[in-house]
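In: I would like the atomic coordinates for the input below:
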Amino acid sequence: ACQIVPPHDAGIAACIARSLEPGPRPALQGHPLVADPEPEVAPLYLRGLQSLSRRRGAFRGQRPEVVYTPLHGVGLRYVEAAMEAFGLPPPLPVPQQAAPDPDFPTVRFPNPEEGAGVWDLAVEAAEREGARLCVANDPDADRLALCERQPGGAWRPFSGNETGALLGDWVWRTLREPPASPSPSPPSSSGASSGGGGGPGGTAGLGSP
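Out: Got it, this is the predicted structure:
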């Protein structure tokens with residue numbers, strides 16, 4: 001994949017604006033050639049996450065210290081399931097942005113890479129809850145971004161390169177630790193596989209503990 005850059009971004013936006021009303025579509029629900037793989041795939045994905053854990057359960061019972069926003073998208077239930085699969089405390093969701101909403105009413109553009117304005121509600125929630133880390137996915141949960149409270153109290157969003165470097169450093173330093181044994185069944189596989197839309201791919205970056 002690559003970033004859409006000018007002038008192509010404006011042309012794509014104009015095409016979308018001309019096609020805002022959905023056209024007719026065939027009735028696919030119940031068709032013998034159509035199946036929803038999520039109930040089968042989600043538990044397997046979560047079990048795979050557990051196999052990557054090096055310190056599963058080490059933080060169980062601790063107070064949540066992570067605020068999470070799906071930016072009006074579909075990532076919340078997958079992130080909650082992934083955190084539980086790792087034995088981590090559940091994240092603190094941003095209530096105004098927790099449910100899917102295609103109008104994205106609280107942000108100008110629902111991309112966590114857009115800068116500080118995207119983080120306003122997450123930072124407010126973190127200040128209120130005493131958390132020092134905010135995590136965001138974009139609405140279809142295939143982008144991950146971080147924002148951390150600095151010692152002086154200011155909040156600093158990380159670039160994608162910085163986030164990748166942090167995750168790579170963690171993998172490098174824990175590579176020789178034996179992985180934790182996966183549970184017979186992932187704790188929240190049923191929760192992650194309920195409902196349609198989205199997918200667990202956007203939470204893969206959370207697999208660092």
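
In: Near Glu40, how many other residues are there?
Out: For Glu40, the tally of surrounding residues (other C-beta atoms under 10 Å) stands at 11. Glycine gets a C-beta too; all of them are placed from N, C-alpha and C.

In: On the pLDDT front, check it for me.
Out: Glu40 carries a pLDDT score of 94 in this model.

In: for Ser208, same thing?
Out: 42.

In: With Tyr68 instead?
Out: For Tyr68, the model assigns a pLDDT of 98.

In: Let's verify it: helix, strand, or coil?
Out: Under DSSP: H, G, I helix; E, B strand; the rest coil, Tyr68 falls in the strand class.

In: That one contacts Val94, doesn't it?
Out: Yes - assessed by C-beta atoms under 8 Å, Tyr68 is found in contact with Val94 at 7.2 Å.

In: Identify the contacts common to the two.
Out: Counting by C-beta atoms under 8 Å, 6 or more residues apart in numbering, the shared contacts of Tyr68 and Val94 are Ala122.

In: quick one, helices of this structure?
Out: 8-17, 38-52, 76-85, 120-129, 160-174, 189-192 (DSSP state H).

In: Most tightly packed of the ones you listed?
Out: helix 76-85 (a mean of 24; mean count of other C-beta atoms under 10 Å).

In: So which elements touch that one?
Out: helix 38-52, strand 66-69, helix 189-192 (3 or more C-beta pairs under 8 Å, 6 or more residues apart in numbering; DSSP states H and E).

In: Nearest residue to the middle of the chain?
Out: Centroid-nearest residue in the chain: Asn137, 4.1 Å away (criterion: C-alpha atoms, centre = their mean).

In: any idea how far the nearest residue to it once chain neighbours are set aside is from Arg54?
Out: Counting by C-beta to C-beta, 6 or more residues apart in numbering, Gly75 is the residue found nearest to Asn137 once chain neighbours are left out, at 3.9 Å. In this structure, Gly75 and Arg54 are 24 Å apart, going by C-beta to C-beta, to the nearest Å.

In: So those two - more neighbours on which side?
Out: More crowded of Gly75 and Arg54, by other C-beta under 10 Å: Gly75, with 31 against 18.

In: which parts of stretch 132-149 are buried?
Out: Neighbour counts using 16 or more other C-beta atoms under 10 Å place 132-147, 149 of stretch 132-149 among the buried residues.

In: Let me have the helices and strands packed on helix 76-85 in JSON lines, extended by distance to Pro112.
Out: Formatted as JSON lines, the helices and strands packed on helix 76-85 follow (distance: least, C-beta to C-beta, whole Å):
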{"stretch": "helix 38-52", "distance to Pro112": "21"}
{"stretch": "strand 66-69", "distance to Pro112": "8"}
{"stretch": "helix 189-192", "distance to Pro112": "21"}
